[in-house]
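J.: Sequence first, then the predicted structure, then my questions.
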2 protein chains.
Amino acid sequence: MSATFQGIDPTTGTPFGDNFTEHTTGEINSIIEKAAATKATFGATSPEKRAAILRSIAKQVEAKREALIEVTMKETALPNGRLTGELSRTVFQLEQFAKLVESGVHYQAIIDLPDANWVPAARPDIRKANQPLGLVGVFAASNFPFAFSVIGGDSASALAAGCPVIVKAHPSHPNTCKIMHEAVVAGLVAEGMPAEIFSMVQGLNPEITHVIAKHPSVTAIGFTGSGMVGKLLVEIAAKREIPIPVFAEMGSLNPVFFTPGSLKDKAVDQAKAALDSATLGSGQFCTKPGILVVPNGIEGDAFIVEVEKYLATLAVAPLLNKGIADRYSAAISNLSRSGELGVFAGQANSSGFGVTPTVFVVDWAKANGELLEEHFGPTTVIIRADFADFAKVAKSMEGQLCAALHLVAGEKVQEIVDALGEIAGRVIQNGFPTAVAVTAAMQHGGQWPSSSSHTTSVGLDSIYRFMRPVAHQGFSDELLSPALQSANPWKIARTVNGVITKDAI
Amino acid sequence: MSATFQGIDPTTGTPFGDNFTEHTTGEINSIIEKAAATKATFGATSPEKRAAILRSIAKQVEAKREALIEVTMKETALPNGRLTGELSRTVFQLEQFAKLVESGVHYQAIIDLPDANWVPAARPDIRKANQPLGLVGVFAASNFPFAFSVIGGDSASALAAGCPVIVKAHPSHPNTCKIMHEAVVAGLVAEGMPAEIFSMVQGLNPEITHVIAKHPSVTAIGFTGSGMVGKLLVEIAAKREIPIPVFAEMGSLNPVFFTPGSLKDKAVDQAKAALDSATLGSGQFCTKPGILVVPNGIEGDAFIVEVEKYLATLAVAPLLNKGIADRYSAAISNLSRSGELGVFAGQANSSGFGVTPTVFVVDWAKANGELLEEHFGPTTVIIRADFADFAKVAKSMEGQLCAALHLVAGEKVQEIVDALGEIAGRVIQNGFPTAVAVTAAMQHGGQWPSSSSHTTSVGLDSIYRFMRPVAHQGFSDELLSPALQSANPWKIARTVNGVITKDAI
């Protein structure tokens, strides 16, 4: 008999909605094989067709907006405004990828024509373009039920690349996953594509992760979540007979540094902004500022006074699930017992998976161990240090998804900026790490242990995780992909003998 | 007392030239730390300056041409013509990278200006550019004493990226390595750069590989060589506290398929061309065709008759070192003992590390095990199969650096071409895999186990292995790299709001 499970309302801790039957290993293997079998069909779609498919999916998702918001609010306790914005972002993202695919830029086509004067020998006709990797395993994240779940960034970029997808639904929002999966399939089918291009499995059993990561037909993995699971996936993938790339966005502390100038006369505003960022979505963002580096001296002292005051007024919505809430509460009470930390508390929320926002204050010399681990939920650690040591503080940090620095003109900060560029994938001036725009210049992916690679999981460049370059040498036109044919039938931008052009050759 | 070693003349097996003292672990650690300390200085060089450095290195290498060719011929037994061409390629490669760096294209700069109408929220100013990873460990290959040794493809692309380099010299050509290292350092110093940007260690001790791959200051590895060492490096790098990328080009069989049409009336020419490719450089190329897939039937039969005839006339120069020669001879005699294979032999060379060119013939149904492993040296395996099964044969193969297909117009080959594109990084029509042009469209990197990633180690795109993207959000111009400043002081091509331009903003 297969196990079943339900969604749970975090505001009460009680199950509700459909009974979901866990997929068995046999079922998962069969689903994966059917998904992988669509690889050639889907990979061969023209830019125009693939863009139409992405838009068709976006349309079907948009059509489910009302049903989604209702059920997702219920199973995540995230507020309507947040979910409405996140769903818009998810639909927008599909349109962004549709535009990219239409342009053909993602093929990165390079054509070098024969050159008799090349060194050390004549250059033959060589034409290179990216082609899809094949079936991509996507692991839905709990904290972004739309933007990093079923048809979030990983799935959208994989589909845009021409890869079929197998999603492991997140058991924290199974009803959301079900509706979203149906919407994506409807979008595919409306364009005459096989439903199996986008397949999904449900279940609580952690073994499902292993089954997907080990299956020989899975060619890459996209993951957003904890360092523990991310590192497990990296390890499983490396031990396969044929290792595959794992693009894992894992935990990150996203430190925010404040210079004395940035706090002078702005303690109230900065304290409010920092705590709003740290408690956004109940502190369940991979970009949550988990560390605030605050200078010793009166500007820093004033900031901390305001943090304590503002925090005392703050309550947050319950956390996403029992596991997150339990881990949060355990970490907070453990840290609170330490005699060496300042501890400020916000308002307690004791219903369902509710918790208490908590901020710790510590001197840089004592900032270590559990304090410097990611704690999902509404908490952050204020590290006090001399401004003169800020570059040293930055250099001593582990790899991060992002980092921010608040400053005013005239302060000596170049060394700090450069140090932050070495540890993080995105550096922000006078802002906070939460909010990640879906755009070409975005970089959401930093240094280990925040990421398993130097790629980005947000923005247009995320498509390149799921493609690989293949060169064709000396080929007859009719055997080449249209992306590389001399007539350029898809009218895409290509680099021909070093010059970007949409012309035929 | 430190161990010493000498170069060895493969034509006689006797040592000659300088006595090299092996670097100890302590020395290697100290050399690595000094090299890593140049990271910021070197990484910050402007496109113009870095191009000048690459050209200065090229000039110094060219200045040593005579001395290099003489000593490299002696320690590799490779002929003058081959080494002259390889040295020209090595110098040309530096010039190609100088041109790329000058253009600034390698920054892949993307600037997205603020947009109030972005979804779901206003887009801030975000600017992304690649920056160098840091110190790169390069492992010189035995079989390309110039093109993949001290200042070969890996080192040239790492320097172009702005990364300092630590090279492990190949003990098969220590004198070559020494001269080459001196030339590179002279090129750096002539441009006022610290010599430590390009550091080298020598030794036979396999522990040196571990010391380099484990050192915390090493941020990436470039490797060309055996699958055994490549996989070891991948494993060591994955187990580090902070894992690093290993770009390993490993063994490959580079299958060449012949359709019946491609052999009809061309048995003599095709047999000669195939064996010339398989025995080029005494069969010591990573692109050597280790498998020839030949159709059952009269065209295939005629080809094999010509292979046997032509092979009987062929002798090759001694192999590069005793290890390679011993492994070759052991594999050949082991395979020759199998009763199920056809065996053809060329002319024996019994001086020094000389061996006998040998070709095996086997039916596809029996092609397995040791036959399908890479055997460095002048050998290849002819697999007989029905032409109708060629796509199946291709699909059954492991990942390859490259693959080739000989055909004539009108033959049904699309499925074979597509299958080869799935297993290989480069697919060739009517040609052979040896000879890899240094050009933008080149792809030298295929699927596991031939490569540890989907990147290329030859051609301009190899630079991207050693850079990573970093986004700066909301930054004041003066704190940004010139690559991202609004005035575009380096006059590089950038993608601004989706449009490629060299203009200021």
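T.: Here it is on my side, so go on.

J.: Is residue A:223 in a helix, a strand, or coil?
T.: Three-state call for residue A:223 (DSSP: H, G, I helix; E, B strand; the rest coil): strand.

J.: Is residue A:472 located within a helix, as I assumed?
T.: No. Counting by three-state DSSP, residue A:472 is not found in a helix; it is strand.

J.: Does it have any beta-bridge partners, and if so which?
T.: residue A:127, residue B:427 (DSSP bridges).

J.: Identify the spatial nearest neighbour of whatever residue of the stretch 251-400 of chain A ends up closest to chain B, chain neighbours not counted.
T.: In the stretch 251-400 of chain A, the residue that lies nearest chain B is residue A:399 (7.3 Å; C-beta to the nearest C-beta). Quick note: C-beta positions are derived from backbone N, CA and C, even for glycine. Using C-beta to C-beta, 6 or more residues apart in numbering or on different chains and skipping the chain neighbours, the partner closest in space to residue A:399 is residue A:447 (2.7 Å).

J.: same thing with residue A:245?
T.: residue A:220 (5.1 Å).

J.: circling back to that earlier point, gap between the residue nearest to residue A:399 and residue B:243?
T.: From residue A:447 across to residue B:243, the span is 11 Å (C-beta to C-beta, to the nearest Å).

J.: Any idea what the residue nearest to residue A:245 is bridged to?
T.: residue A:136.

J.: residues contacting it?
T.: By C-beta atoms under 8 Å, 6 or more residues apart in numbering or on different chains, the residues touching residue A:220 are A:133-134, A:136-137, A:158, A:163, A:244-247, A:465-466.

J.: Recalculate using a threshold of 6 Å.
T.: Applying C-beta atoms under 6 Å, 6 or more residues apart in numbering or on different chains, one finds that residue A:220 lies in contact with A:133, A:136, A:244-245, A:466.

J.: I'd guessed residue A:457 sits against residue A:444; true?
T.: Yes. Counting by C-beta atoms under 6 Å, residue A:457 touches residue A:444, with 5.2 Å between them.

J.: May I see the buried residues of the helix or strand hosting residue A:32?
T.: Element membership of residue A:32 [criterion: DSSP states H and E] is helix A:25-36. Of the residues in helix A:25-36, A:28, A:31-32, A:34-36 count as buried by neighbour count, 16 or more other C-beta atoms under 10 Å in any protein chain shown.

J.: Quick one: distance of that helix to the chain centre.
T.: Averaging C-alpha positions (C-alpha atoms, centre = their mean, to the nearest Å) puts helix A:25-36 25 Å from its chain's average.

J.: what does that helix contact?
T.: By C-beta under 6 Å, 6+ apart, the surrounding residues in contact with helix A:25-36 are A:135, A:164, A:166, A:196, A:199, A:201, A:211, A:215, A:217.

J.: One more: stretch A:238-249?
T.: A:219-224, A:230, A:233-234, A:237, A:451-453, A:455, A:457, A:465, B:238, B:448.

J.: Give me the mean pLDDT for it.
T.: For stretch A:238-249, mean pLDDT is 97.

J.: now the strands for the stretch 301-450 of chain A?
T.: Counting by DSSP state E, counting those that start in this stretch, the stretch 301-450 of chain A has strands at residues A:342-345, A:358-363, A:379-385, A:400-406, A:424-429.

J.: Pipe these into JSON lines and attach mean pLDDT and mean neighbour count per row.
T.: Formatted as JSON lines, those follow (pLDDT from 0 to 100; neighbours: other C-beta atoms under 10 Å in any protein chain shown):
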{"stretch": "strand A:342-345", "mean pLDDT": "97", "mean neighbour count": "15"}
{"stretch": "strand A:358-363", "mean pLDDT": "98", "mean neighbour count": "20"}
{"stretch": "strand A:379-385", "mean pLDDT": "98", "mean neighbour count": "23"}
{"stretch": "strand A:400-406", "mean pLDDT": "98", "mean neighbour count": "28"}
{"stretch": "strand A:424-429", "mean pLDDT": "98", "mean neighbour count": "27"}
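
J.: can you put the ones you listed in JSON lines and add distance to residue A:53?
T.: JSON lines is the format used below for the strands of the stretch 301-450 of chain A (distance: least, C-beta to C-beta, whole Å):
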{"stretch": "strand A:342-345", "distance to residue A:53": "50"}
{"stretch": "strand A:358-363", "distance to residue A:53": "46"}
{"stretch": "strand A:379-385", "distance to residue A:53": "42"}
{"stretch": "strand A:400-406", "distance to residue A:53": "30"}
{"stretch": "strand A:424-429", "distance to residue A:53": "30"}
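
J.: And for residue A:239, the neighbour number?
T.: Neighbours of residue A:239 under the rule other C-beta atoms under 10 Å in any protein chain shown: 12.

J.: my bad, residue A:478
T.: 8.

J.: and the gap between the nearest residue to it once chain neighbours are set aside and chain B?
T.: Leaving aside its sequence neighbours, residue A:478 sits nearest to residue A:485 (C-beta to C-beta, 6+ apart; 7.9 Å). To chain B, residue A:485 is 13 Å away according to C-beta to the nearest C-beta, to the nearest Å.

J.: count of residues packed around residue A:350?
T.: Neighbour tally, residue A:350, other C-beta under 10 Å: 8.

J.: quick one, phi psi at it?
T.: Taking degrees, to the nearest 10, you get phi -100, psi 10 for the backbone angles of residue A:350.

J.: how near is it to residue B:84?
T.: Residue A:350 is 81 Å from residue B:84, where distance means C-beta to C-beta.

J.: cool, residue A:368 as well?
T.: Distance, residue A:368 to residue B:84, using C-beta to C-beta: 59 Å.

J.: repeat for residue A:437
T.: When residue A:437 is compared with residue B:84 (using C-beta to C-beta), they lie 53 Å apart.
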